[in-house]
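Trainee: Here's a sequence, model it:
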Amino acid sequence: MKDLILMITTLAMFLFGYVIARRVDMMMENNLKMLEKEQLPNKHLLKIAAETPMLLNAVAAALEYCTDTNADIEFAVSSGKCGKLLRNLSDGTADLVLLSEKSALENKQNFEFVRLSCIQQTDATEVFGLKVHSLDDNQDVYLLWNKEIPSHARDWFVLALKNSFCMAKCS
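Mentor: Numbering: from 1, shown residues only. Model prediction:
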């Protein structure tokens, strides 16, 4: 009789230990999943393409402002020819395109654009570690985006860009 009670008690302790270990394991797994969700980067990649790297000076202040105020936005910058940039904008490979001439825009109905009048700096600009001098005194830069493709990060950047140009004109 004592052996039977001892076996039942031992079996109950093993079952109780198994249930407790199982619950602790499930709790640890849930905590790990929650930590992974918190540590996942919620970064929004904003792909900006320009005809020439010099055009990026037009939006440099807005890029700096966006990285300072919104750490969730990362920028990928590229350069290429106008036709390729417009194709990338049409298929969503690029979010924003900087062009120097308006003639490329005239037959594109699904693009929205903002004209930015930029006064070129007299100092040389450093691009990829090289000093580059601009030959133009004033240059209009057109910032295009595809209005059919929604993007919260793009809209936020365009708003920041408009605000920075408004502040530059007012001051």
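
Trainee: Show residues contacting the helix or strand harbouring residue 49.
Mentor: Taking DSSP states H and E as the criterion, residue 49 maps to strand 44-50. Contacts with strand 44-50, where a contact means CB atoms under 8 Å, 6 or more residues apart in numbering, come from 56, 59, 72-80, 85, 88-89, 93-98, 151-154, 157. No exception for glycine: its C-beta is placed from N, CA and C like everyone else's.

Trainee: For the residue nearest the centre of the chain, give its distance to residue 13.
Mentor: By CA atoms, centre = their mean, the chain has its centre lying nearest to residue 45, at 2.5 Å. Using CB to CB, to the nearest Å, residue 45 is found at 55 Å from residue 13.

Trainee: now do residue 95
Mentor: Taking CB to CB, one finds residue 95 at 62 Å from residue 13.

Trainee: for residue 9, what are its contacts?
Mentor: No residues are in contact with residue 9 under the rule CB under 8 Å, 6+ apart.

Trainee: how about the host helix or strand of it: buried residues?
Mentor: In the assignment (DSSP H and E), residue 9 maps to helix 2-39. Buried residues in helix 2-39, defined by neighbour count with 16 or more other CB atoms under 10 Å: none.
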